[in-house]
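*Asks:* here is my input, please return the structure:
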Amino acid sequence: MKSLYIILVSMLLLAACESDLDQFPPNIASSNSLTDFEGVLNAAYFYQHGSVTPMAVMGDFRADNAIMDEEPYTEFDIFGPNLTVMEDQFFGPFYTSLYKSILSANNVIENSADGTEVGEAKFLRALAYFKLVRVFGDVTVNLSSTPSTTDGSILARQSAASVYNSVIIPDLNDAISALGTDINNGRASKFAAQGMLGKVYMQLGDFSNAASNLAAVVNGASGAGISLQDNFADIFGVDNDLNSEIIYATQVSSSISDEYGFSEFWSWSGGLDTKSLNPLDQDLIDAFNASPGDLRRDVTIDTTLLASPKFPQTGGPDHDWIELRLADVILLYAEALNENGDTQPALVELNKIRTRAGLDNSIASSQAEIRNAIADERRLELAFEGQRWFDLVRTGTVDAEMGQSIDSRFYLFPIPVSEVLASFGVITQNDGY
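*Replies:* Now for the predicted structure:
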């Protein structure tokens, strides 16, 4: 049996990572006999780990920030049908771990009497499905802790639009209602849910709803202890985990093995994996060269090693993976304002990030100029944080930024072949693979 079938018929309760997540469930039992669902919730957090490195690689190595050196990994830059050969290292662990997180979240949502636990579980389920639809498009939807083991039709992929409207958006709205604004031990909060909902609406091109949700985070951040770090370098590195800029991160601990058994994200960006010893793309170097005096440069790129020092090798296995930080939200808010025609307020938000980077205020004035300025800023601010490819797809700028005409079928990644085979074709492959 392949992974999705295992996911749909079993529950493996595991502890998660640091701080409050570093707890084992009090028992291993059927869901209807449990009374304490903290361990099950911890499992939902824990399983997100397996999505971290695949998301990092897809976000930067598929785009123009990083490159692969070794075949067949060079397929990331070819935009053809052969990415399927990397299922074991990227797409399989990503897919499996997220459905395990979803199953654990479903158990909490259905059975826990603790409203905060349910709110956290809904955030995690929404986050998992958001990752899945951005990577694969249409996906299988399971909202039950005890899905049918006889009805194979439940494996059929549902449209991405349906997943957004019937799962992701409602779950995030429920999480917003259930959770408080304070961030406790890195767990999900109201602002994490609201910021992620704003990001979802940006993905859908709904700039009005995006702006209102992102504004709530930007305007309420200080009251919850969320603020931009004065020094860009202080965002990253194991000693800076859960700093004031982090709204939500998947916490990582070297003391607990996760679903992903290969080189971690910090190894890939740092050139520590033989498949990409010199990952830094010249195009990203050129982008920083066009931004003289940018204080983010030395934190982000090393032109001697042709790698990124953003996540230092020291303490690497304990680096948290940043899912959402305030600078990301501010730039999305600037983009939403600009797309809504509020160009001057958009510039105010954009310049918050430029000021921290040691740059002058942007001279952009028209909506189109501001749009380009925000896109450029997002690239420099968020390089090697798994954002670039998804930003290009979201904004319809893949061809312009990649410098070639790319078949839109390859904007998505391949469904793991093992899942297609195990479902006897009920789960279909993405077109082009």
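
*Asks:* correct me, but L124 touches S101?
*Replies:* Yes: between L124 and S101 a contact is recorded at 5.9 Å, counting by C-beta atoms under 8 Å. In short, each C-beta sits where N, CA and C put it, glycine included.

*Asks:* in the stretch 51-200 of the chain, which spans are helices?
*Replies:* Using DSSP state H, counting those that start in this stretch, the helices of the stretch 51-200 of the chain run over 92-111, 115-136, 160-163, 169-178, 190-204.

*Asks:* now tabulate these in JSON lines and tack on mean neighbour count.
*Replies:* Converted to JSON lines, those look like this (neighbours: other C-beta atoms under 10 Å):
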{"stretch": "helix 92-111", "mean neighbour count": "25"}
{"stretch": "helix 115-136", "mean neighbour count": "24"}
{"stretch": "helix 160-163", "mean neighbour count": "17"}
{"stretch": "helix 169-178", "mean neighbour count": "20"}
{"stretch": "helix 190-204", "mean neighbour count": "25"}
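
*Asks:* overlap in contacts, L124 and S101.
*Replies:* When contacts are counted by C-beta atoms under 8 Å, 6 or more residues apart in numbering, the set common to L124 and S101 consists of A44, Y45, Q48.

*Asks:* pick the one among the residues you listed closest to D151.
*Replies:* Distance ranking of the shared contacts of L124 and S101 against D151, using C-beta to C-beta, places A44 first at 24.1 Å.

*Asks:* can you get me a residue count around that closest one?
*Replies:* By other C-beta atoms under 10 Å, the residues close to A44 number 29.

*Asks:* how near is it to N278?
*Replies:* A44 is 37 Å from N278, where distance means C-beta to C-beta, to the nearest Å.

*Asks:* again with A373
*Replies:* Between A373 and N278 the computed distance is 30 Å (C-beta to C-beta).

*Asks:* likewise L124?
*Replies:* Distance of L124 to N278, given as C-beta to C-beta: 36 Å.

*Asks:* any weak-confidence spans in the stretch 1-150 of the chain?
*Replies:* 1-35 (pLDDT under 70).

*Asks:* can you pull out the strands in it?
*Replies:* For the stretch 1-150 of the chain, strands defined by DSSP state E, counting those that start in this stretch occupy the ranges 139-140.

*Asks:* before we move on, the earlier item: between the helices of the stretch 51-200 of the chain, which gets nearest to Y73?
*Replies:* That would be helix 92-111 among the helices of the stretch 51-200 of the chain, by C-beta to C-beta, at 15.2 Å.

*Asks:* chain center to the closest one, what's the gap?
*Replies:* For helix 92-111, the separation from the chain centroid amounts to 16 Å (computed by C-alpha atoms, centre = their mean, to the nearest Å).

*Asks:* please save the CA atoms from it in CSV.
*Replies:* The C-alpha coordinates for helix 92-111 follow below in CSV (Å, rounded to 0.1, in the frame of the first residue of the first chain):
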residue,chain,number,x,y,z
GLY,A,92,6.5,12.1,-2.2
PRO,A,93,7.5,13.3,1.3
PHE,A,94,5.8,16.6,0.7
TYR,A,95,2.5,14.9,-0.3
THR,A,96,2.6,12.2,2.4
SER,A,97,3.5,14.4,5.3
LEU,A,98,0.8,17.0,4.6
TYR,A,99,-1.9,14.4,4.3
LYS,A,100,-0.8,13.0,7.6
SER,A,101,-1.0,16.5,9.1
ILE,A,102,-4.5,16.8,7.7
LEU,A,103,-5.6,13.5,9.2
SER,A,104,-4.3,14.5,12.6
ALA,A,105,-6.0,17.9,12.3
ASN,A,106,-9.3,16.2,11.3
ASN,A,107,-9.2,14.1,14.5
VAL,A,108,-8.8,17.2,16.7
ILE,A,109,-11.4,19.2,14.8
GLU,A,110,-14.0,16.4,15.1
ASN,A,111,-13.3,15.3,18.7
